[in-house]
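Chemist: missing the sequence, but the structure's below:
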Ligand SMILES: Nc1ncnc2c1ncn2[C@@H]1O[C@H](COP(=O)(O)OP(=O)(O)OP(=O)(O)O)[C@@H](O)[C@H]1O
Ligand SMILES: [Mg+2]
């Protein structure tokens, strides 16, 4: 059995008086797509930040690929897809240039790309179907194409863990399907993938397993069980039908 | 025409002024591309004002002006960062509090010291009167800042565009922000000689935003900013010679004219171009 991609133990994160995460345990195996579901404020983004090492936990530990998060990041194993709102789409960069930033961890201090880096970017663009749009400024893309740029960047990076924060917000069904196909291909090559989403209907098709989060882990297991009325009531506080 | 171009260059003070202005303009133009993309334009304003006490103390103690200016420029950056990290004060207010305080300290120091420091020269520049020692400081600081900026340009651009990804692949973004702010302090020291404290901020914003209106690629934005700023600097220098007007003023004014032209006719955001395009769509 291979080592887990993420191993979170007894993780607690506090912002002043707010307990954002409370004794959270999460273990993710490689080659699985895990959905992260929870209400607004349930701690999904905080969990990403703790995995990324940008918030300091009050207690507990995060281990990535059996080592420290910093070591995993330094090896380029972790890819992070930001929420659309946090990106400046008017930034004067082309699709090709953005995907190339996936290679930076493998390059020298001036990040001058070598021939193999250019080939890796060309490959990644072909896999997500953006070859023709490689020269476009990133703002000149549709919502679905924009998401695919960041999937291509993760592919060019050769990351083994993908952290996706609401990748399907503002994406039409055809584009969503295409992205899901790509994520499945990556999973089949052994990547671990963690996706936060509010789209419950898409979960059974997308995810191999589901984590229900409400500042603690309420459930971690098969999607069908996660989406049972009782579990949904517990995590979203709805009345069970 | 040739005479017209060569005439000012017979004077040593004019060739020195041209050298200092061009080095300052190029360094500022390159840095400005990142400052305007990150949203740090106000930091340029703050650092340039905050160096005043450093310049005054340097003159009093007989240090090279660049040393005092750099200490206070970098100190202002650290203070602003400290205020932001330890209070909930909004960032523009933190910047405003720190730089006005330091600027006022500079004014008080200068008003209490004998007249060898000319406040007017520090505030508005005195590029026609730079000494040999000043020129060396400008050349060394300017070349150093430009070399480091160009060497780290890809990292700085990634930092400006997507800090989260830079963090995710193990790039030390904290160190990058310190590097950029340090280079900002160094660049301000260079530009101070050319246009003075008040107008440094123009050199740190205008070339970047002008180039931004003209291209959709960051690499081209860097070259365009340099090209525009060199043309504007030369135009400003000649204008100041033939009209006997403030050199710093003429240089910055020429940059502003370039911005207005890009604003009106630029392919990206140009108002005139957009108007013509929208008419064409209506006709078609
Ligand atoms: N910087 C912060 N300072 C103080 N409290 C915070 C901060 N960030 C998050 N919180 C609090 O921590 C809790 C968890 O927030 P988090 O952003 O992780 O939720 P989320 O599950 O990502 O929500 P959403 O679905 O809205 O994105 C919330 O109660 C929130 O108010
Ligand atoms: Mg969130």
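Modeler: In hand now; what should we look at? Given the structure is predicted, the values throughout are model-derived calculations rather than measurements. Ligands and ions are numbered 1, 2, ... in the order given.

Chemist: from here on, contacts and neighbour counts on C-alpha atoms
Modeler: Will do.

Chemist: point me to the residue of chain B nearest ligand 1.
Modeler: Using C-alpha to the nearest ligand atom, the closest approach of chain B to ligand 1 is made by residue B:88 at 11.4 Å.

Chemist: tally of neighbours for that residue?
Modeler: Counted with other C-alpha atoms under 10 Å in any protein chain shown, residues neighbouring residue B:88 total 9.

Chemist: that one in helix, strand or coil?
Modeler: Following DSSP: H, G, I helix; E, B strand; the rest coil, residue B:88 is assigned to coil.

Chemist: which residues sit in contact with residue A:102?
Modeler: Residue A:102 is in contact with A:153-157, counting by C-alpha atoms under 8 Å, 6 or more residues apart in numbering or on different chains.

Chemist: look up the closest residue to it, ignoring the ones flanking it.
Modeler: Of all residues not flanking residue A:102 in the chain, residue A:157 sits nearest, at 4.5 Å (C-alpha to C-alpha, 6 or more residues apart in numbering or on different chains).

Chemist: need the helices for the stretch 101-250 of chain B, in chain order.
Modeler: Taking DSSP state H, counting those that start in this stretch as the test, the helices found in the stretch 101-250 of chain B are B:119-124, B:132-151, B:153-161, B:163-168, B:173-212, B:218-243, B:247-265.

Chemist: is chain A contacted by the fourth one?
Modeler: Yes. For a cut-off given as C-alpha under 8 Å from any C-alpha of the partner chain, helix B:163-168 has contacts with chain A, namely B:164-165, B:167-168.

Chemist: in terms of helices and strands, where is the closest residue to residue B:139 other than its chain neighbours?
Modeler: Spatial nearest neighbour of residue B:139, chain neighbours left out: residue B:23 (7.0 Å); criterion: C-alpha to C-alpha, 6+ apart. Here residue B:23, judged by DSSP states H and E, is contained in helix B:12-38.

Chemist: quick one: that helix to chain centroid distance?
Modeler: Put simply, helix B:12-38 sits 7 Å off its chain's centre (C-alpha atoms, centre = their mean, to the nearest Å).

Chemist: and the helix or strand just after it, what does it pack onto?
Modeler: Counting by DSSP H and E, the next helix or strand C-terminal to helix B:12-38 is helix B:41-50. Identification of packing neighbours for helix B:41-50 by 3 or more C-alpha pairs under 8 Å, 6 or more residues apart in numbering or on different chains; DSSP states H and E yields helix B:12-38, helix B:65-86, helix B:91-111, helix B:173-212.

Chemist: so for the shortest one, what gets flagged as buried?
Modeler: By neighbour count on 16 or more other C-alpha atoms under 10 Å in any protein chain shown, the buried set for helix B:91-111 is B:94-95, B:98-99, B:102-103, B:105-106, B:109-110.

Chemist: most neighbours among the residues of helix B:163-168 next to chain A, please name it.
Modeler: Highest neighbour count within the residues of helix B:163-168 next to chain A: residue B:168, with 28 neighbours (other C-alpha under 10 Å).

Chemist: surely that one meets residue A:80?
Modeler: Yes. Using C-alpha atoms under 8 Å, residue B:168 is in contact with residue A:80, at 6.4 Å.

Chemist: burial measure for residue 129, as a count.
Modeler: Went with chain A since none was named. Neighbours of residue A:129 using other C-alpha under 10 Å come to 16.

Chemist: was after chain B, sorry
Modeler: For residue B:129, the count of nearby residues is 14 (other C-alpha under 10 Å).

Chemist: then residue A:96?
Modeler: 24.

Chemist: identify the residues contacting the closest residue to it other than its chain neighbours.
Modeler: In this structure, residue A:96 finds its nearest non-sequential neighbour in residue A:134, 4.9 Å apart by C-alpha to C-alpha, 6+ apart. Contact analysis of residue A:134 by C-alpha under 8 Å, 6+ apart lists A:94-96, A:125.

Chemist: go again with 10 Å.
Modeler: The contact partners of residue A:134, by C-alpha atoms under 10 Å, 6 or more residues apart in numbering or on different chains, come to A:94-99, A:121-122, A:125-126, A:149.

Chemist: overlap in contacts of residue B:168 and residue A:80?
Modeler: Here residue B:168 and residue A:80 have A:52, A:163 as joint contacts, going by C-alpha under 10 Å, 6+ apart.

Chemist: and the residue lying closest to residue A:79 once chain neighbours are set aside, how far from residue A:40?
Modeler: Excluding its sequence neighbours, the residue lying closest to residue A:79 (C-alpha to C-alpha, 6+ apart) is residue A:162, at 4.9 Å. Applying C-alpha to C-alpha, to the nearest Å, the value for residue A:162 to residue A:40 is 22 Å.

Chemist: neighbour count, secondary structure and distance to residue B:76 added to the contacts of residue A:102, as TSV?
Modeler: Formatted as TSV, these follow (neighbours: other C-alpha atoms under 10 Å in any protein chain shown; DSSP: H, G, I helix; E, B strand; the rest coil; distance: C-alpha to C-alpha, whole Å):
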residue	neighbour count	secondary structure	distance to residue B:76
A:153	29	helix	37
A:154	27	helix	38
A:155	26	helix	42
A:156	24	helix	40
A:157	26	helix	38
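
Chemist: ok, the residues you listed vs residue A:198, which is closest?
Modeler: Distance to residue A:198 across these (C-alpha to C-alpha) is lowest for residue A:154, with 22.3 Å.

Chemist: show me where chain A has its helices.
Modeler: Counting by DSSP state H, chain A has helices at residues A:44-52, A:69-74, A:95-100, A:115-128, A:143-157, A:173-188, A:203-206, A:223-226, A:229-236.

Chemist: tell me which of those helices sits nearest to residue A:3.
Modeler: Set against residue A:3 and scored by C-alpha to C-alpha, those come closest in helix A:69-74, at 13.3 Å.

Chemist: list the buried residues in the closest one.
Modeler: By 16+ other C-alpha under 10 Å, the buried positions in helix A:69-74 come out as A:69-74.

Chemist: quick one: the closest residue to residue B:249 other than its chain neighbours and residue B:232, what's the gap?
Modeler: Nearest residue to residue B:249, sequence neighbours excluded (C-alpha to C-alpha, 6+ apart): residue B:195, at 7.2 Å. Remark: distance between residue B:195 and residue B:232 (C-alpha to C-alpha) = 13 Å.

Chemist: of the two, who's got more company?
Modeler: More crowded of residue B:195 and residue B:232, by other C-alpha under 10 Å: residue B:195, with 31 against 23.

Chemist: so where's the chain shaky on pLDDT?
Modeler: Picking chain A for this. A:1, A:238-241 (pLDDT under 70).

Chemist: wait, I meant chain B there
Modeler: Counting by pLDDT under 70, the low-confidence segments of chain B come to B:115-117, B:268-269, B:281-284.

Chemist: contact residues of it facing chain A?
Modeler: Residues of chain B lying close to chain A (C-alpha under 10 Å from any C-alpha of the partner chain) are B:37-38, B:148, B:150-155, B:157-158, B:160-172, B:212, B:215-221.
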